[in-house]
Each structure stands twice: as structure tokens, then as C-alpha cells.
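J.: coords please:
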Amino acid sequence: MRVLAPLFVLCAGMASAAPDCEEPAQAHELVAYEPSAELDVLLEEDTSPAPPKRELTVSLRPRLRPCKFRQIEVGRERMRDRGAVCGDWTIVGEAQKSFRGKYRGCGIVEPVRIRMVSDVFLSQFALMDCETAVTLKTWLENSAKPAFADQGGGLKGLRLSGHYACKTQNNQPRARISEHARGRAIDISSFILTDGTVITVRDGWTAEDTSDVIHELHAGACGLFGTVLGPDADRYHKGHFHFDTARRRSGPVCR
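T.: So this is what the prediction gives:
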């Protein structure tokens, strides 16, 4: 007894180079193929019982997947071209290699040099870790930019007085290592508006026309950052805001 098992060929139209993301998933079509008579001579006599038939199932393969994956890759390419870091389109700078400082406790794992955050330029490249960069972005978008929305055309830049530095707190001998030494801190001395106006923390803290805004910026950072120090904190911070992402069991520090 000759047993001829049907042969099936799975045929599907070739996917286009740019698949349509809007089309729903489609099942591939199955077409049965009957072998020619010439194939009979190639089949040997088989007296064993015929194996049970297996049902052929075809899983749906959504056409959306290739397009979606391509969109993700294109997005990553555009972020690289823009200079985006920390996986955030709005944080622009350069990724750096991990390093250690000359003193114990200094250095940053996976540091970045930031030059712009949420379309706000920094007066100098700021070296920090991604957690600090993302926290700075959140503060800018939720507090700083809205606070200056109706003044001088909006916030254009930040003048920095400090970022990474391998040093002790307030540069005091035998003091603890500063969060600046870990890439978790940034010091802001002035705010630059689109029309060229410069508002300093030192003068703006008490000036009649800017005091409310500067205090609002300070309050908006409290709780978001682990440490927030302003002109009323101590003599070391009369002229700038100190923000860092240190985490303490006792909770955030805001002075």
C-alpha cells in the first residue's frame, strides 16, 4: 500500500518595505499542493499504520510589529543625532565614561555632560548622573518655566556656579564629601530670560519685583530634590541655589 501524504506549502505575500501601521493583523493563506505522478516512484512501500493526522495551525502575525519596531529605531536614531542622553529627548549633552576622582568617594558611574535641558541652555557643560539630570528637567518643566512664562519672553538659560567637583561640603576641611563629588548636585546662580534679562538668586531673593518668583522656584524644588539650599540656608549659599539628589532616611532637606 502506498501512502501519499499531502504536502502543504505556506504562501504569503511579501511584506512591503514600509508596512502600514493602521492595518489590522491578517492570517497567512494556506494553499494545498498535490505532488505530480512522477513522485510515486520515489516513495517506497510502507506497510506500517498511517500516522495520525496533525492539524496545521497558523498563528496570526500582526503587520503592525515591523512598523512599530522601525518607529522605535528611528526615534532612537533621531535622539542620537540630537545628542539626547539619559533616554530623554529633552536632555541634550554627551555620555561619558565612568570615572573616579582623586579622593575616596569622588566620581560618577555613567556620567553625562549636559548643555541643554527642556530647551533651557546651561551657561556651561554640567557633569552629573542621569538621575540628577532628569530631576533637573522635572523641576524646570513643573516650576521654573511656568514661573517665568509671563516675564521677558520666558526662561532661556541658567547660569551655573557649580556641578561636579571632587570636594568636601562647602570646601571645609574634614567635612563630608559633597554631593557635587558624586555628580548629584548642581548650583544655579542666575536665570536668563529670552529678552536678555538676568535675574540673580542673590538679588532676586529679596527684590520686590522678583522675590515671589525666586521663592516659588525654591519651593518647587523642595521634596523633588533631596537637598535644596537657598540664600537663607547659610552664608555659603547667599548667591545661589544648591540642588542635589541625595536620599536620606530622615527625608529631604529644604532650607
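J.: can we go C-alpha only for contacts and neighbour counts from here?
T.: OK.
J.: quick one, helices of the stretch 151-255 of the chain?
T.: Under the criterion DSSP state H, counting those that start in this stretch, helices of the stretch 151-255 of the chain are mapped to 201-204, 211-221.
J.: mind putting the ones you listed into TSV with distance to residue 193 and mean neighbour count?
T.: Below are the helices of the stretch 151-255 of the chain laid out as TSV (distance: least, Cα to Cα, whole Å; neighbours: other Cα atoms under 10 Å):
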stretch	distance to residue 193	mean neighbour count
helix 201-204	14	20
helix 211-221	13	18
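J.: and the strands in the stretch 51-200 of the chain?
T.: 84-85, 88-95, 99-100, 107-108, 112-117, 120-128, 155-162, 185-193, 198-200 (DSSP state E, counting those that start in this stretch).
J.: quick one: which of these is nearest residue 219?
T.: Nearest to residue 219 among those is strand 185-193 (14.5 Å), distances taken as Cα to Cα.
J.: mind giving me the packing neighbours of the closest one?
T.: The contact analysis (3 or more Cα pairs under 8 Å, 6 or more residues apart in numbering; DSSP states H and E) places strand 185-193 against strand 155-162, strand 198-200, helix 201-204, strand 241-244.
J.: swap in 10 Å and give it another go.
T.: Applying 3 or more Cα pairs under 10 Å, 6 or more residues apart in numbering; DSSP states H and E, one finds that strand 185-193 contacts strand 120-128, helix 130-139, strand 155-162, strand 198-200, helix 201-204, strand 227-229, strand 241-244.
J.: in its sheet, what does it sit against?
T.: Strand 185-193 pairs in its sheet with strand 155-162 (antiparallel), strand 198-200 (antiparallel), strand 241-244 (antiparallel), by DSSP bridges.
J.: ranking those by burial, who's on top?
T.: The highest mean neighbour count among these, using mean count of other Cα atoms under 10 Å, belongs to strand 241-244: a mean of 27.
J.: any low-confidence regions in this protein?
T.: Residues of the chain that meet the criterion pLDDT under 70 lie in 1-66, 68-77, 79-81.
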